[in-house]
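Asks: Below are the sequence and a predicted model for it; my questions follow.
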Amino acid sequence: MDSLNATALASGMMFGAAAGPQVLTDPQYGALYQQHCGIITTDIALKWSTVRPTADMTPNWTQADALIGWAESNGILVKGHNLAWNEYTPAWLWTASTAGPDYGTLNVPIEDAKRFFDQHITETVSRYAGRIAVWDVVNEPIEPAHGRADLMRSKTWMKVFGPDYVERAFRRAHAADRDAKLLMNEQSLDRMGCEKNRIAFLALVDRLLGRGVPIHGIGFESHLTLWAGVTREGVMWLLEELRKRGLEVHISELDIASLGSSNTALPATTTDTALIDARVAEAARSYLKDVLSFPHVRTLLTWQLVDKYSWLISKGQKRPLPFDDTYQPKPMAFEIERALQNRRAG
């Protein structure tokens, strides 16, 4: 098949994927990215636990430098992921638990945590200014299960700053690189039964815009789960509301979990790869037809490219990505290609 990014560019978009160290150590995998990706997002290379493994805040840039250098040498843009998330924080900073209201314990004085937060964002964005074009500044701020009235996630930075951590993160990032495009990334915006997530997320967006916060776009994760179902009505509503607000949208983490026990999912025991591929392709076709109908959806990223490197494999899912373990395109890849072609034709 032709380059997915070349096809995307012809329709006014970009195509890419999350990338980890496998693109450096697996030559076939790296070649697949070189063929199909115009942009990568950094997976875990720039997350707190990777960059700040020790309490003295000494940074470890090894993974990020290698990945970004590889991308630059291949003419691929980089999206940094992420600067502030209430999950995936190092053990020296936060001990997670299942008990509310904080769902964990801060392991350093609050004043130190505030300083570390500012330091991390400023140092990280400044280091890659001019090299990272786009940042997921804040990741997954919404979690209704945590019981807050605003439905925000009640962990790490919420404990340190309260809800103002989101605004603080955007302003720090913007000060460090005024040319970078700054996004807020969120999960479950596509799911049935998650109306409250979409409403709370849009309310947060409006609070930020109302305060003049430099937010330029939204990451619509799109980890589609066929057991949970996808709501066309909810997706179209939220995308239209974001369009009205002048915000760019990235489909930022697309993959498809096809096995489950409800809705259109296949039984977890399914082994028929053709059936799995058909169900995944059908879901991709339906979803992409809807989301790519919006001109402010400018980037489409899958979460890795090849099945064996997907995080979903460890969760019992099968064949969730566009390419199989022999690096060949599957029906999902051809549906992505057709969706991008149809956007151009439309």
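Replies: Alright, I've got the coordinates.

Asks: Who are the contact partners of Pro331?
Replies: Neighbouring residues of Pro331 by CB atoms under 8 Å, 6 or more residues apart in numbering: 277-278, 280-281. Quick note: C-beta positions are derived from backbone N, CA and C, even for glycine.

Asks: With Trp61 instead?
Replies: Trp61 neighbours (CB under 8 Å, 6+ apart): 51, 127.

Asks: sorry, back to before: between the contacts of Pro331, which is closest to Lys114?
Replies: Closest approach to Lys114 among these (CB to CB): Val280, at 44.0 Å.

Asks: Just the buried residues of whichever strand or helix holds Ala31, please?
Replies: Under the criterion of DSSP states H and E, Ala31 resides in helix 27-36. With burial defined by 16 or more other CB atoms under 10 Å, the residues of helix 27-36 counted as buried are 29-30, 32-34, 36.

Asks: Pull the distance from that helix to the chain's centre.
Replies: Centre-to-centre, helix 27-36 and its host chain are 20 Å apart (CA atoms, centre = their mean, to the nearest Å).

Asks: who does the next helix or strand after it pair up with?
Replies: Per DSSP H and E, the first helix or strand lying C-terminal to helix 27-36 is strand 39-41. Counting by DSSP bridges, the strands paired with strand 39-41 are strand 14-18 (parallel), strand 77-85 (parallel).

Asks: Using TSV, please lay out those together with mean pLDDT and mean neighbour count.
Replies: As requested, the strands paired with strand 39-41 are arranged in TSV below (pLDDT from 0 to 100; neighbours: other CB atoms under 10 Å):
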stretch	mean pLDDT	mean neighbour count
strand 14-18	98	25
strand 77-85	98	25
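
Asks: what's the closest of those strands to Val51?
Replies: Nearest of the strands paired with strand 39-41 (CB to CB): strand 77-85, 10.0 Å.

Asks: rewinding a little: nearest to Leu305, of the strands paired with strand 39-41?
Replies: The nearest among those, by CB to CB, is strand 14-18 at 4.8 Å.

Asks: Tell me if I'm right that Ala129 and Ala173 touch.
Replies: No: in this structure Ala129 lies outside contact range of Ala173 using CB atoms under 8 Å: 10.3 Å.

Asks: The stretch 151-300 of the chain: strands as residue ranges?
Replies: 181-186, 217-220, 223-225, 248-257, 297-302 (DSSP state E, counting those that start in this stretch).

Asks: now the fourth one: mean pLDDT?
Replies: When the per-residue pLDDT values of strand 248-257 are averaged, the result is 98.

Asks: name the helices or strands packed onto that strand?
Replies: strand 181-186, strand 217-220, strand 223-225, helix 273-291, strand 297-302 (3 or more CB pairs under 8 Å, 6 or more residues apart in numbering; DSSP states H and E).

Asks: That one vs strand 297-302, what angle?
Replies: 30 degrees (axes from the mean of the first three to the mean of the last three CA atoms, to 10 degrees).

Asks: Give the pairing partners of strand 248-257; include direction for each.
Replies: Counting by DSSP bridges, strand 248-257 is paired with strand 217-220 (parallel), strand 223-225 (parallel), strand 297-302 (parallel).

Asks: Export the least confident helix or strand in the chain by mean pLDDT to PDB, keeping only CA atoms.
Replies: Ranked by mean pLDDT, DSSP states H and E, the helix or strand of the chain with the weakest confidence is helix 331-345, at a mean of 94. Presented in PDB, the C-alpha positions along helix 331-345 are these (Å, rounded to 0.1, in the frame of the first residue of the first chain):
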ATOM      1  CA  PRO A 331      -7.900  -4.800   6.800                       C
ATOM      2  CA  MET A 332      -7.800  -2.000   9.400                       C
ATOM      3  CA  ALA A 333      -4.800  -0.400   7.500                       C
ATOM      4  CA  PHE A 334      -6.800  -0.400   4.300                       C
ATOM      5  CA  GLU A 335      -9.800   1.200   6.000                       C
ATOM      6  CA  ILE A 336      -7.600   3.900   7.300                       C
ATOM      7  CA  GLU A 337      -6.300   4.500   3.800                       C
ATOM      8  CA  ARG A 338      -9.800   4.600   2.300                       C
ATOM      9  CA  ALA A 339     -11.000   6.900   5.000                       C
ATOM     10  CA  LEU A 340      -8.200   9.400   4.300                       C
ATOM     11  CA  GLN A 341      -8.900   9.100   0.500                       C
ATOM     12  CA  ASN A 342     -12.600   9.700   1.000                       C
ATOM     13  CA  ARG A 343     -11.900  12.800   3.100                       C
ATOM     14  CA  ARG A 344      -9.800  14.100   0.200                       C
ATOM     15  CA  ALA A 345     -12.600  13.200  -2.300                       C
END
